[in-house]
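K.L.:
predicted model and sequence follow; I will ask about them next.
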Amino acid sequence: MSAGGVFVPLMVIFPRQRMKPELADGAPPGTMFSVHKSGWMQTDLFTAWFEHFLSFVRPTRDDPVLLILDGDSTHTKNVNFLERAKEMHTTVICLPPLCSHKLQPLDVSFMQPLNTFFVQAIEKFLRNNPGRSVTQFQMSPLFAEAYLKASTPSTAINGFRACGIVPLDPSVFGDVDFAPAEVTDQPGTSSITDQPGTSSITDQPGTSSIIDQPGTSSITDQPGTSSITEQPVITTHHDTSNNSSYSVSPANLMPIPKATQDRRTNRKRGTSAVLTSTPYRLALKEAKSFFTSLDPPVD
């Protein structure tokens, strides 16, 4: 879908070996069909979808297109697709990993109503057809009923607005949006730097000093003596409104737990990038040529 409220006709992939004409009965107009044993998008299928996309969008030099995608390998490692996109005046941007729930308009505004309407269509079918089950041959008309309800211009426009893409609005994201990532934040250096309301530790040769920020008490010891660290002083104020205020944040008393650093995974994290940029495409070609050269010759 576009920021102007226009939806490109769907591509539906059935998890089967061969396509049957009956599977397309009742589908939304213009729908493209394909099959694969896994039912998931593949590199060649995505290249075919892009041709389907171009036939409806029709980008030109004077009217180029910006295509925003997630970091699936069928997008980011597809040399043929990226070359074709560059040729057809289409700039392709890959979203950062684990951010589609905030940055991808389809995830933000479209998928939830689509899922709701689809479940309603299935429930209505089952009520009206006791003893029957939903198979692949009922999928197209049921999905069409849900899709035509969900694919409204306002849904597309609101999705791009909520993500801060069109109109451009970086302020749509506040500190609370980044709070869930604090559990995986790791310190970049070994030094200790505290926020206001906590104490920082600075060692001098031969002595140890404790310098506290406002809201705590400080004790500086002399050489040959031991230091005593006091806990932050918590003060409360009681007024007629029965509200209490604290001189320290609850995060100082019970910090957010951090994830351990010994997590091991063989999966390489993706990064956001302009996939149609020349440096990215050249690096992808070189990597593909390198791995192709490692393949043993076939007799």
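P.N.:
The structure has been received and is ready for your questions.

K.L.:
quick one: Leu66 is in a helix?
P.N.:
No: looking at Leu66 with DSSP: H, G, I helix; E, B strand; the rest coil, it is strand, so not inside a helix.

K.L.:
setting aside sequence neighbours, what's the nearest residue to it?
P.N.:
Thr91 (5.1 Å; Cβ to Cβ, 6 or more residues apart in numbering). C-beta here means a position set from N, CA and C on the backbone, and glycine is covered the same way.

K.L.:
could I get the phi/psi values of the one you found?
P.N.:
Backbone torsions of Thr91, given as degrees, to the nearest 10, read phi -90, psi 130.

K.L.:
what about it, how many neighbours?
P.N.:
16 (other Cβ atoms under 10 Å).

K.L.:
Ala121 too?
P.N.:
20.

K.L.:
which ones are touching it?
P.N.:
Residues near Ala121 by Cβ atoms under 8 Å, 6 or more residues apart in numbering: 142-143, 145-146.

K.L.:
between these, which is nearest Asn78?
P.N.:
Phe143 (26.1 Å; Cβ to Cβ).

K.L.:
so who does the closest one touch?
P.N.:
Phe143 touches 12, 27-28, 118, 121, counting by Cβ under 8 Å, 6+ apart.

K.L.:
show only the entries of these found in strands.
P.N.:
Counted as lying in strands by DSSP state E, out of the contacts of Phe143, are Val12.

K.L.:
assign a three-state SS to Ala251, would you?
P.N.:
Classification of Ala251 using three-state DSSP returns helix.

K.L.:
pLDDT at it, what is it?
P.N.:
Note on Ala251: pLDDT of 72.

K.L.:
for burial, what's the neighbour tally of it?
P.N.:
Ala251 has 12 neighbouring residues, counting by other Cβ under 10 Å.

K.L.:
how about the strands in this structure?
P.N.:
Here the chain has its strands, by DSSP E, at 11-14, 32-35, 65-69, 90-94, 199-204, 207-212, 273-274.

K.L.:
and the fifth one, average pLDDT?
P.N.:
Averaged across strand 199-204, pLDDT comes to 43.
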